[in-house]
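Student: 3D model of this:
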Amino acid sequence: MSEKTVFVQVTERPERKLIVLRGKKATHYFEYCEEVGCEVWGVLSSVQGSLYGTPVAAWLPKHLVKPGTSEYVQGIEMPFDYDGVIPKDMDIIDLPACTMMEFYSEPFKETEEESDMDVAIGSVQRVIASYKPEQFGYVWDADSNPHYQYEPDPVNGYVEAVPVRKIIKG
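Tutor: You can find the predicted model right below:
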(Lines give C-alpha, C1' and ligand atoms only; values in the text may rest on other atoms or scores of the structure.)
Protein backbone atom coordinates (compact mmCIF):
# COMPACT_ATOMS: atom_id res chain seq x y z
CA MET A 1 0.00 0.00 0.00
CA SER A 2 1.31 3.43 -0.93
CA GLU A 3 1.51 5.89 1.96
CA LYS A 4 0.89 9.63 1.79
CA THR A 5 2.99 12.16 3.68
CA VAL A 6 1.15 13.52 6.71
CA PHE A 7 1.78 17.04 8.03
CA VAL A 8 1.02 18.06 11.62
CA GLN A 9 0.11 21.54 12.85
CA VAL A 10 -0.88 22.76 16.32
CA THR A 11 -3.75 25.27 16.43
CA GLU A 12 -5.74 27.04 19.13
CA ARG A 13 -9.53 27.03 19.18
CA PRO A 14 -11.54 29.60 21.13
CA GLU A 15 -14.44 28.80 23.41
CA ARG A 16 -17.24 28.05 20.96
CA LYS A 17 -20.49 26.20 20.25
CA LEU A 18 -21.01 23.15 18.08
CA ILE A 19 -24.36 22.62 16.35
CA VAL A 20 -24.75 18.85 15.89
CA LEU A 21 -27.08 16.24 14.50
CA ARG A 22 -26.64 13.19 16.71
CA GLY A 23 -26.65 9.63 15.42
CA LYS A 24 -27.98 6.63 17.29
CA LYS A 25 -25.10 4.12 17.50
CA ALA A 26 -22.74 5.25 14.73
CA THR A 27 -19.01 5.07 15.24
CA HIS A 28 -18.00 6.31 11.78
CA TYR A 29 -19.26 8.08 8.65
CA PHE A 30 -20.95 5.19 6.81
CA GLU A 31 -22.89 4.02 9.87
CA TYR A 32 -23.91 7.62 10.53
CA CYS A 33 -25.23 8.07 6.98
CA GLU A 34 -27.24 4.86 7.31
CA GLU A 35 -28.84 6.19 10.52
CA VAL A 36 -29.55 9.84 9.67
CA GLY A 37 -28.88 10.21 5.94
CA CYS A 38 -26.07 11.93 4.10
CA GLU A 39 -27.77 15.28 3.44
CA VAL A 40 -26.79 16.66 6.88
CA TRP A 41 -23.64 18.28 5.46
CA GLY A 42 -25.71 20.53 3.19
CA VAL A 43 -27.94 21.66 6.05
CA LEU A 44 -24.92 22.42 8.24
CA SER A 45 -23.19 24.28 5.39
CA SER A 46 -26.20 26.58 5.12
CA VAL A 47 -25.93 27.80 8.74
CA GLN A 48 -24.77 31.43 8.61
CA GLY A 49 -21.94 32.80 10.78
CA SER A 50 -19.85 29.67 11.36
CA LEU A 51 -16.33 30.07 12.71
CA TYR A 52 -14.50 28.15 10.01
CA GLY A 53 -17.00 27.89 7.16
CA THR A 54 -17.10 24.13 6.91
CA PRO A 55 -18.92 21.36 8.77
CA VAL A 56 -17.07 18.64 10.64
CA ALA A 57 -17.69 15.05 11.56
CA ALA A 58 -16.75 14.49 15.18
CA TRP A 59 -16.25 11.87 17.81
CA LEU A 60 -17.61 13.41 21.01
CA PRO A 61 -16.04 12.90 24.44
CA LYS A 62 -18.22 10.78 26.74
CA HIS A 63 -19.62 13.71 28.75
CA LEU A 64 -21.11 15.27 25.57
CA VAL A 65 -22.87 12.08 24.38
CA LYS A 66 -26.56 12.07 25.30
CA PRO A 67 -28.04 8.73 26.42
CA GLY A 68 -29.31 6.75 23.43
CA THR A 69 -27.13 8.64 20.93
CA SER A 70 -23.80 7.94 19.26
CA GLU A 71 -20.39 9.42 19.92
CA TYR A 72 -20.08 10.12 16.17
CA VAL A 73 -21.93 13.23 14.98
CA GLN A 74 -21.77 15.85 12.27
CA GLY A 75 -21.79 19.51 13.17
CA ILE A 76 -20.53 23.03 12.59
CA GLU A 77 -18.58 25.29 14.95
CA MET A 78 -20.16 28.62 15.84
CA PRO A 79 -18.97 31.60 17.89
CA PHE A 80 -19.63 31.16 21.62
CA ASP A 81 -22.16 34.02 21.59
CA TYR A 82 -24.16 32.48 18.70
CA ASP A 83 -27.89 32.81 19.33
CA GLY A 84 -29.21 32.17 15.82
CA VAL A 85 -31.31 29.42 14.33
CA ILE A 86 -30.56 25.81 15.18
CA PRO A 87 -31.74 23.51 12.36
CA LYS A 88 -34.56 21.05 13.06
CA ASP A 89 -33.59 17.97 15.14
CA MET A 90 -30.17 19.42 15.99
CA ASP A 91 -28.58 20.29 19.34
CA ILE A 92 -26.06 22.92 20.32
CA ILE A 93 -23.12 22.09 22.59
CA ASP A 94 -20.81 24.48 24.46
CA LEU A 95 -17.12 23.68 23.93
CA PRO A 96 -14.20 25.08 25.93
CA ALA A 97 -11.17 26.67 24.30
CA CYS A 98 -8.60 24.05 23.37
CA THR A 99 -5.46 23.17 21.51
CA MET A 100 -5.73 20.82 18.52
CA MET A 101 -3.15 18.84 16.59
CA GLU A 102 -4.29 18.84 12.99
CA PHE A 103 -3.08 16.00 10.74
CA TYR A 104 -3.11 16.75 6.99
CA SER A 105 -2.57 14.34 4.11
CA GLU A 106 -1.17 15.40 0.79
CA PRO A 107 -3.69 16.24 -1.94
CA PHE A 108 -4.98 13.16 -3.74
CA LYS A 109 -6.44 12.27 -7.14
CA GLU A 110 -10.19 12.02 -7.40
CA THR A 111 -11.04 8.69 -9.01
CA GLU A 112 -14.08 6.48 -9.49
CA GLU A 113 -12.69 3.91 -7.03
CA GLU A 114 -11.64 6.57 -4.48
CA SER A 115 -8.52 4.49 -3.77
CA ASP A 116 -6.29 7.59 -3.58
CA MET A 117 -8.69 9.12 -1.05
CA ASP A 118 -8.71 5.87 0.93
CA VAL A 119 -4.89 5.89 1.03
CA ALA A 120 -4.91 9.50 2.26
CA ILE A 121 -7.45 8.71 5.00
CA GLY A 122 -5.61 5.55 6.03
CA SER A 123 -2.28 7.38 6.14
CA VAL A 124 -3.65 10.09 8.45
CA GLN A 125 -5.40 7.59 10.71
CA ARG A 126 -2.30 5.38 11.02
CA VAL A 127 -0.13 8.39 11.91
CA ILE A 128 -2.61 9.49 14.59
CA ALA A 129 -2.77 5.95 16.03
CA SER A 130 1.01 5.79 16.45
CA TYR A 131 1.75 9.48 17.13
CA LYS A 132 3.42 10.43 20.41
CA PRO A 133 2.42 14.05 21.19
CA GLU A 134 4.59 13.90 24.33
CA GLN A 135 7.69 14.38 22.16
CA PHE A 136 6.39 17.90 21.50
CA GLY A 137 5.18 18.68 25.04
CA TYR A 138 1.53 17.60 24.67
CA VAL A 139 -0.76 14.73 25.67
CA TRP A 140 -4.02 13.65 24.03
CA ASP A 141 -7.05 15.34 25.61
CA ALA A 142 -9.98 13.22 24.44
CA ASP A 143 -12.01 14.03 27.59
CA SER A 144 -12.58 17.74 26.96
CA ASN A 145 -13.18 18.31 23.24
CA PRO A 146 -14.29 16.39 20.14
CA HIS A 147 -11.89 14.76 17.68
CA TYR A 148 -12.73 16.18 14.24
CA GLN A 149 -12.76 14.68 10.77
CA TYR A 150 -13.08 17.03 7.80
CA GLU A 151 -14.54 16.20 4.41
CA PRO A 152 -11.83 14.66 2.20
CA ASP A 153 -10.88 17.12 -0.54
CA PRO A 154 -8.64 16.23 -3.50
CA VAL A 155 -7.07 19.71 -3.51
CA ASN A 156 -6.51 20.12 0.24
CA GLY A 157 -6.16 16.46 1.22
CA TYR A 158 -7.73 14.73 4.20
CA VAL A 159 -7.63 16.32 7.67
CA GLU A 160 -8.35 15.17 11.21
CA ALA A 161 -7.92 17.35 14.30
CA VAL A 162 -7.30 15.79 17.72
CA PRO A 163 -7.51 17.72 21.02
CA VAL A 164 -4.31 17.93 23.06
CA ARG A 165 -3.14 19.77 26.16
CA LYS A 166 0.29 21.02 27.20
CA ILE A 167 2.23 18.86 29.61
CA ILE A 168 2.68 20.84 32.81
CA LYS A 169 6.06 20.15 34.33
CA GLY A 170 6.71 20.58 37.97
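Student: Nearest residue to the middle of this protein?
Tutor: Nearest to the geometric centre of the chain sits residue 148, at 1.3 Å (C-alpha atoms, centre = their mean).
Student: Any idea what the closest residue to residue 157 other than its chain neighbours is bridged to?
Tutor: Nearest non-adjacent residue to residue 157, counting by C-beta to C-beta, 6 or more residues apart in numbering: residue 105, 4.0 Å away. All C-beta atoms are positioned from the backbone trio N, CA, C, and that covers glycine. Per DSSP bridges, the residues bridged to residue 105 are residue 6.
Student: Go ahead and confirm the residue nearest to the centre of the chain touches residue 57.
Tutor: Yes: applying C-beta atoms under 8 Å as the test, residue 148 and residue 57 come out as touching, 7.1 Å apart.
Student: Report how many residues lie close to the residue nearest to residue 157.
Tutor: 27 (other C-beta atoms under 10 Å).
Student: in this protein, which spans are strands?
Tutor: 6-13, 16-22, 56-59, 72-79, 91-95, 98-105, 138-140, 147-149, 159-166 (DSSP state E).
Student: Which one, of the ones you listed, ends up nearest to residue 38?
Tutor: Among these, strand 72-79 comes nearest to residue 38, with 9.5 Å by C-beta to C-beta.
Student: For residue 145, give me its contacts.
Tutor: For residue 145, the contact set (C-beta atoms under 8 Å, 6 or more residues apart in numbering) comprises 13, 61, 95, 96, 98, 100, 163.
Student: Can you pull the phi/psi pair for it?
Tutor: In this entry, residue 145 is assigned phi and psi values of phi -140, psi 160 (degrees, to the nearest 10).
Student: shaky segments in the protein?
Tutor: Residue ranges of the chain with pLDDT under 70: 1-3, 112-114, 170.
Student: Please indicate which of the contacts of residue 145 are buried?
Tutor: 13, 61, 95, 98, 100, 163 (16 or more other C-beta atoms under 10 Å).
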